[in-house]
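Chemist: Kindly return the folded structure for what I paste below:
(chains A and B)
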Amino acid sequence: NAGVTQTPKFRVLKTGQSMTLLCAQDMNHEYMYWYRQDPGMGLRLIHYSVGEGTTAKGEVPDGYNVSRLKKQNFLLGLESAAPSQTSVYFCATSLVGDTQYFGPGTRLTVL
Amino acid sequence: GENVEQHPSTLSVQEGDSAVIKCTYSDSASNYFPWYKQELGKRPQLIIDIRSNVGEKKDQRIAVTLNKTAKHFSLHITETQPEDSAVYFCAASLMNRDDKIIFGKGTRLHILP
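Modeler: The predicted structure follows:
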């Protein structure tokens, strides 16, 4: 029972490169979220999903895309990475939209 | 949309004293208010939450109070211990309608020996 996992743990990109972050859960939760965490800025919601096949924009969606093709996976894509996207990215899941269970985070650096 | 303000950004208290962190929210329809603790280098974890039909909730040394009229809620930690040192985040959400959870910017709590 792994809970919530994130792949990769660390990544360094050059400006303009693309990448996909994977969040996987074995908790059978309906809700999944992607956040970014920057010093002094707290946790800011990028995109979220309330069920398989659904996605919605959060507070800071620009420059990111998401997909939820399977209930257990939530993918976050950066099509053309920018230095402003250097951050720690957390995925979280929730059964009914209350308690959130966070993954271990992905540290992304864009040069 | 919802906006959550959290104060203070940094708080230092002597071990054994109490700590209070305050948050205000903007959307009067919000109905769910969780608090998360994040230790250095780790993921956030829920420590307590409160729903809009309740004014206060306690769990051992921590408690949360909610004032719906004033749109603010607070975290109270009594008899602080070194392991309470962490960053604490409040959040607000409109469950079963919007389902976004908006977080405050966090409070770094230092417990002084």
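Chemist: Bridged to the residue most central in space within chain A, which residues?
Modeler: In chain A, the residue lying closest to the centroid (C-alpha atoms, centre = their mean) is A:W34, at 3.2 Å. Legend: beta-bridge partners of A:W34 under DSSP bridges are A:H47, A:C91.
Chemist: go on, B:A63?
Modeler: Legend: beta-bridge partners of B:A63 under DSSP bridges are B:K58, B:H76.
Chemist: Tell me which residues touch it, please.
Modeler: Residues near B:A63 by C-beta atoms under 8 Å, 6 or more residues apart in numbering or on different chains: B:I48, B:E56, B:K57, B:L75, B:H76, B:T78. Where C-beta positions appear, they are placed from N, C-alpha and C, glycine not excepted.
Chemist: still on that earlier bit, now the residue nearest to the centre of chain A: how far from A:M27?
Modeler: 16 Å (C-beta to C-beta, to the nearest Å).
Chemist: doesn't A:S87 make contact with the residue nearest to the centre of chain A?
Modeler: No - between A:W34 and A:S87 there is no contact under C-beta atoms under 8 Å: 11.0 Å.
Chemist: just to revisit the earlier point, for ChimeraX, what selects the buried ones among the contacts of B:A63?
Modeler: Remark: buried members of those, expressed as a ChimeraX selection using 16 or more other C-beta atoms under 10 Å in any protein chain shown:
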select /B:48,75,76
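Chemist: export the contacts of B:A63 to a markdown table and tack on pLDDT?
Modeler: Formatted as a markdown table, the contacts of B:A63 follow (pLDDT from 0 to 100):
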| residue | pLDDT |
| --- | --- |
| B:I48 | 97 |
| B:E56 | 95 |
| B:K57 | 95 |
| B:L75 | 98 |
| B:H76 | 98 |
| B:T78 | 97 |
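Chemist: which among the contacts of B:A63 gets closest to chain A?
Modeler: For the contacts of B:A63, the minimum distance to chain A (C-beta to the nearest C-beta) is 10.5 Å, reached by B:I48.
Chemist: residue boundaries of the strands in the chain?
Modeler: In the absence of a named chain, this looks at chain A. Listed in chain order, the strands of chain A (DSSP state E) span A:4-7, A:10-13, A:19-25, A:31-38, A:42-49, A:56-57, A:65-67, A:73-78, A:87-94, A:101-102, A:106-110.
Chemist: Oops, wrong one, chain B.
Modeler: Going by DSSP E, chain B shows strands at B:4-7, B:10-14, B:19-25, B:32-38, B:45-51, B:56-59, B:62-67, B:72-77, B:86-93, B:101-103, B:107-112.
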